[in-house]
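[1] Next input, structure requested:
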Amino acid sequence: MRTIVILLSINILLFSDMNVITSQQNSLLAVDKDTLSAIYLKKVTSIDNKHITPIDNIADYNEFYKKVVKKTPQQIHSYWMKEIFTGKKRPPKKVLKKDLEKHLQENTTAITYSTSKIKSTQTKVIYEVK
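    Below is the predicted model of the structure:
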């Protein structure tokens, strides 16, 4: 019985749903995977002439970058070291999961991702990571 519970727990963790969310005040209604990747690599800073501010969720960071950006943590680290060294870009701000909702409310241009549901009428889902 204990083995079944452990296997189910691992299965839930491996196949957890992740959503990309933003403030209700943000006019962005949806975004696709390629655009998300470009936003988080800061190759794109706006959509339809509206500035977008990506925020990294520390708890779900590795999973998001593997699934959406298609890069390992080491590859992402190398990418940002190069960008910082050349003075071109800085990585998105990293925030604790418990502070995500606060950051979305304070900055209506912000987007982030999370495997846990943020129960708030102040946020909306703009992409479901599969």
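[2] what ranges do the helices span in the chain?
    2-14, 33-40, 61-64, 73-86, 100-106 (DSSP state H).
[3] angle of the fourth one against helix 33-40?
    Computed by axes from the mean of the first three to the mean of the last three C-alpha atoms, to 10 degrees, the angle separating helix 73-86 from helix 33-40 equals 50 degrees.
[4] buried sites along helix 73-86?
    Applying a neighbour-count criterion of 16 or more other C-beta atoms under 10 Å, the buried positions in helix 73-86 are 76, 79, 80. The way it works is simple: take the backbone N, C-alpha and C, and place the C-beta from them, glycine included.
[5] Residue 19: which of these is nearest?
    Among the buried residues of helix 73-86, residue 76 lies closest to residue 19 (C-beta to C-beta), at 20.3 Å.
[6] The closest one contacts residue 66, correct?
    No. Using C-beta atoms under 8 Å, residue 76 is not in contact with residue 66, being 9.5 Å away.
[7] Low-confidence ranges, this protein, go.
    1-16 (pLDDT under 70).
[8] Just give me the residue closest to the centre of it.
    By C-alpha atoms, centre = their mean, the chain has its centre lying nearest to residue 113, at 3.3 Å.
[9] Thought residue 31 was touching that residue, still the case?
    No. Contact criterion C-beta under 8 Å: residue 113 and residue 31 do not qualify, at 11.0 Å.
[10] Overlap in contacts, these two.
    Common neighbours of residue 113 and residue 31 (criterion: C-beta atoms under 8 Å, 6 or more residues apart in numbering): residue 20.
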